[in-house]
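Engineer: Show me how the following folds:
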Amino acid sequence: MNTIEIVGLVAATLTTSSFVPQVYKTWKSKSTKDISFTMYSAFFVGTMLWLYYGIHHESLAIILANAITGVLVLWMLALKIRHK
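Structural biologist: Numbers count the residues shown, from 1 in each chain. Predicted coordinates for the structure are as follows:
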């Protein structure tokens, strides 16, 4: 694995893990009043496009970051729908 891929994996870990506290807080509190459904929907579409891009370029960092972020964003959208 080359140095730039390691940099990408570190960046992916940091940016993707930044979603975990928000998902956890929302899951525990069951409060989604301050969560924008439109923003998270647009973010999900963008994340899926980045995932496609990462697959096309065979970039492990982009693939992992966007696959995991996509799951977290979907979880937030599901919580938003469930606890409307």
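Engineer: Spatially central, which residue of this protein would that be?
Structural biologist: Thr69 (1.9 Å; CA atoms, centre = their mean).
Engineer: measure that one to Arg82 for me?
Structural biologist: 20 Å (CB to CB, to the nearest Å). Every residue, glycine included, has its C-beta placed from N, CA and C.
Engineer: picking up where we left off before, got the contact list for the residue nearest to the centre of the chain?
Structural biologist: Contact analysis of Thr69 by CB atoms under 8 Å, 6 or more residues apart in numbering lists 15-16, 19, 47.
Engineer: next one: Thr16
Structural biologist: For Thr16, the contact set (CB under 8 Å, 6+ apart) comprises 64-65, 68-69, 72.
Engineer: what's the most distant pair in those residues?
Structural biologist: Within the contacts of Thr16, Leu64 and Leu72 form the most distant pair, 12.5 Å apart (CB to CB).
Engineer: and the residue nearest to the centre of the chain, helix, strand or coil?
Structural biologist: The three-state assignment at Thr69 reads helix, by DSSP: H, G, I helix; E, B strand; the rest coil.
Engineer: Now do it against Lys25, distance only.
Structural biologist: Relative to Lys25, and taking CB to CB, Thr69 is found at 17 Å.
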